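Student: sequence first, then the predicted structure, then my questions.
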Number of protein chains: 2
Amino acid sequence: METKSIAALISDTRAGINRHLLQELKRLGIEGLAPSHGAILHHLFNNDQVTMKDLAKAVRRDKSTVTALVGKLVANGYVEKASSTQDQRTVFVKLSPKGQALKPVFQEVSRNLIERIWRGFEETEQQELIRLLRKVRGNLP
Amino acid sequence: METKSIAALISDTRAGINRHLLQELKRLGIEGLAPSHGAILHHLFNNDQVTMKDLAKAVRRDKSTVTALVGKLVANGYVEKASSTQDQRTVFVKLSPKGQALKPVFQEVSRNLIERIWRGFEETEQQELIRLLRKVRGNLP
DNA sequence: GGAATCTAGTTTGACGGCAAACTAAAGTCA
DNA sequence: TGACTTTAGTTTGCCGTCAAACTAGATTCC
């Protein structure tokens, strides 16, 4: 039965996306950053002041995971943390100049990924895949 | 644009499958086993004598990863390792009786997953999703 | 206004995963 | 036969990930 392999197929495809991104990061000389860091940076390109909590929600990772990911971005000088003055518990994360400089690079990475994923696809096929995947996603926890 | 979120959607869906499987394993009282172990067991249900190399290829994981996964299965008494007499390098992995006993349980887990994934899907939609995902997969490394 | 509760983030520990270095057993070939 | 190469598997080290425990700052409410 074909439909039994759906889980493995999704898992494989995701792994392929990851491999592609790792290749790209290596090609562009961006060392020590993983796709998950890219997700965080991407969110910061569009929102210049974000709390850890919102960041975790945006990249759909556990807050403790985000602590580690942001910690690495800070260590590499891509982002900065600053605790809020109104609420001492909340921490704001924002891009450093070095992080801002990555924006065009990541836009290219993103564009290349999209282009590669959709190679040979009709517009209607793209929409149909998105629709069906969303439907599967909705069936899951 | 909708199609830009395809990577996140695939990643999320895969995470959802993982969450579902973890729930199921917990529900069935199978402690200390992760979905990846399930993939190995699944392969052993259909092949009763497999080398580490073939196992790695079958579950699409690095051989060092498989060493660790099988190690855990051995530690929990689900599988046994035995080095070949013809070639001292190769190691055969096979199910123990305790591992064999998991077969019906995992068949149920698998059936439930498939049933949940495809809930509300037409037969043609299932085939179309598989086709489109395979196409994406083929575009990736 | 103080105790109880809630909330934001961090820390800790465990695990799946990979790549590179390593071990040891076959195989190759002069 | 003996050096070289290839192959199977393990070890080591690092990373992303999560859950649970923890810290500390707000909030609630009597």
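Tutor: On my side now, so go ahead.
Student: tell me which residue is most central in chain A.
Tutor: A:Ala39 (2.1 Å; Cα atoms, centre = their mean).
Student: does that one sit in a helix or strand, and which one?
Tutor: Using DSSP states H and E, A:Ala39 sits within helix A:35-46.
Student: buried ones in that helix, by neighbour count?
Tutor: Of all the residues in helix A:35-46, those buried under the rule 16 or more other Cβ atoms under 10 Å in any protein chain shown are A:Pro35, A:Ser36, A:His37, A:Gly38, A:Ala39, A:Ile40, A:Leu41, A:His42, A:His43, A:Leu44, A:Phe45. For glycine as for every other residue, the C-beta is placed from the backbone atoms N, C-alpha and C.
Student: equivalent analysis for stretch A:88-108, please.
Tutor: For stretch A:88-108, using 16+ other Cβ under 10 Å, the buried residues are A:Val91, A:Phe92, A:Val93, A:Leu95, A:Gly99, A:Gln100, A:Leu102, A:Phe106.
Student: I'd like to check the angle between the helix or strand where the third one lies and helix A:35-46, please.
Tutor: Okay, so that is A:Val93. Here A:Val93 sits within strand A:91-95, counting by DSSP H and E. With axes from the mean of the first three to the mean of the last three Cα atoms, to 10 degrees applied, the angle from strand A:91-95 to helix A:35-46 works out at 90 degrees.
Student: ok, residues contacting strand A:91-95?
Tutor: A:41, A:44-45, A:48-52, A:55, A:70, A:78-84 (Cβ atoms under 8 Å, 6 or more residues apart in numbering or on different chains).
Student: quick revisit: is it correct that the residue nearest to the centre of chain A is in contact with A:Val59?
Tutor: Yes. Under the criterion of Cβ atoms under 8 Å, A:Ala39 makes contact with A:Val59 at 4.4 Å.
Student: name the residues contacting each of the two.
Tutor: Counting by Cβ under 8 Å, 6+ apart, nothing touches both A:Ala39 and A:Val59.
Student: what packs against the longest helix along chain A?
Tutor: Counting residues, the longest helix found in chain A (DSSP state H) is helix A:6-27. For helix A:6-27, the packing partners by 3 or more Cβ pairs under 8 Å, 6 or more residues apart in numbering or on different chains; DSSP states H and E come out as helix A:35-46, helix A:103-117, helix B:6-27, helix B:103-117, helix B:123-139.
Student: just confirm A:Lys135 contacts B:Glu122, I think it does.
Tutor: No. Counting by Cβ under 8 Å, A:Lys135 sits too far from B:Glu122 to count as a contact (10.6 Å).
Student: and the two? Which one has more around it.
Tutor: A:Lys135 (17 against 9; other Cβ atoms under 10 Å in any protein chain shown).
Student: that older thread, near DNA strand D too, which of the buried residues of helix A:35-46?
Tutor: Under the cut-off given by Cβ under 7 Å from any atom of the strand, DNA strand D has A:Ser36, A:His37 from the buried residues of helix A:35-46 close to it.
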